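>>> Please find the sequence and the predicted model below.
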Amino acid sequence: MTEQTTPSAPPKMAARHVNVFYGDKQAIRDVSIEIDNDHVIAFIGPSGCGKSTFLRTLNRMNDTVAGARVEGDITLDGENIYDPSMDVVQLRARVGMVFQKPNPFPKSIYDNIAYGPRIHGLANSKADLDVIVESALRRAGLWDEVKDRLKDSGTALSGGQQQRLCIGRAIAVEPEVILMDEPCSALDPIATAKIEELIHELRGRYAIAIVTHNMQQAARVSQRTAFFHLGTLVEYGVTSEIFTNPREDRTKDYITGRYG
Ligand SMILES: Nc1ncnc2c1ncn2[C@@H]1O[C@H](COP(=O)(O)OP(=O)(O)OP(=O)(O)O)[C@@H](O)[C@H]1O
């Protein structure tokens with residue numbers, strides 16, 4: 001009898017032989033990796049190794065950097081995101097991004113969330129929009145703190161609340177993937193813990209990729225870890241294995257604090 005194997009689900013995103021250049025300088029070298037729906041993947045590595053550069057290739061954020069050039073294939077549900085026919089505004093709604101420093105718009109809390117759904121035509125009425133705003137703020141773990149002050153400015157919130165507002169803003173346009181570039185580095189430990197809790201809650205609903213300098217954080221929030229060094233992907237695998245039994249000496253040296 002032949003053994004039955006369950007075909008594994010196709011990856012949400014796949015990068016194949018990706019190189020990234022800033023002018024003549026190569027920042028990413030021949031990186032291939034898959035990003036699955038069910039996992040949080042952490043990108044770790046010493047400063048300047050290319051973690052953020054690689055993350056930004058996943059929603060074409062590098063398009064906005066003069067002199068940046070991306071080679072190779074990156075697909076979202078099998079579709080090449082660098083194809084000239086790709087609508088980049090639509091892509092960035094499907095692959096949302098949260099930055100290091102919370103960057104709410106100088107608008108009300110309500111309008112920070114409503115902005116994306118309005119421009120993407122996701123609401124037919126004010127009532128629809130109200131539902132979307134409440135749901136996004138609930139999923140971002142912020143509703144109870146702001147429900148009575150939706151008209152206040154987003155910039156008047158605390159840093160941690162602002163970051164959850166930015167996560168809510170990404171969620172409001174129904175993304176499939178959320179990219180987070182050191183989302184806690186400007187936050188205190190309590191606000192950091194809330195974001196980490198939120199990442200746990202969002203897992204499974206969205207594919208999540210997070211760049212972090214903090215290895216404890218990578219170990220806490222991710223199920224997959226990718227270790228970058230000098231622009232290359234040195235090792236990629238199950239987080240617990242990367243942290244307890246890395247295959248490569250460079251990974252071991254980094255996680256044991258020998259450099260970085
Ligand atoms: N806009 C840019 N123009 C030119 N070079 C850049 C630019 N952005 C990044 N680089 C270079 O590309 C390399 C990778 O940078 P990147 O910011 O991706 O690394 P990183 O691993 O995220 O670093 P960090 O952890 O310090 O944020 C570095 O050598 C950096 O100097």
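Here it is on my side, so go on.
>>> Quick check: N112 is in a strand.
No. Using DSSP: H, G, I helix; E, B strand; the rest coil, the assignment for N112 is helix, not a strand.
>>> Surely it and G154 touch.
Yes. The pair N112 and G154 passes the contact test of Cβ atoms under 8 Å, sitting 4.3 Å apart. Where you see a C-beta, it was placed from the backbone N, CA and C, and this is true even at glycine.
>>> Between the two, which contacts overlap?
With contacts defined as Cβ atoms under 8 Å, 6 or more residues apart in numbering, the residues shared by N112 and G154 are 104-105, 165.
>>> Tell me the buried residues within those.
104, 165 (16 or more other Cβ atoms under 10 Å).
>>> mind listing which of the shared contacts of N112 and G154 are in helices?
If you go by DSSP state H, these have L165 in helices.
>>> ok, the shared contacts of N112 and G154 vs the ligand, which is closest?
Nearest to the ligand, judged by Cβ to the nearest ligand atom, of the shared contacts of N112 and G154 is P104 at 21.7 Å.
>>> Now the phi/psi pair for the closest one, please.
phi -60, psi 150 (degrees, to the nearest 10).
>>> pretty sure it contacts G154?
Yes. Taking contacts as Cβ under 8 Å, P104 lies within contact range of G154: 3.4 Å.
>>> quick one: common contacting residues for these two?
112, 162, 165.
>>> Would you mind giving those residues as JSON lines with pLDDT and distance to P46 added?
Output for these, formatted as JSON lines (pLDDT from 0 to 100; distance: Cβ to Cβ, whole Å):
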{"residue": "N112", "pLDDT": "98", "distance to P46": "34"}
{"residue": "Q162", "pLDDT": "96", "distance to P46": "28"}
{"residue": "L165", "pLDDT": "97", "distance to P46": "31"}
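>>> Serialize these to a markdown table and add fields for distance to I41.
Output for the shared contacts of P104 and G154, formatted as a markdown table (distance: Cβ to Cβ, whole Å):
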| residue | distance to I41 |
| --- | --- |
| N112 | 27 |
| Q162 | 25 |
| L165 | 24 |
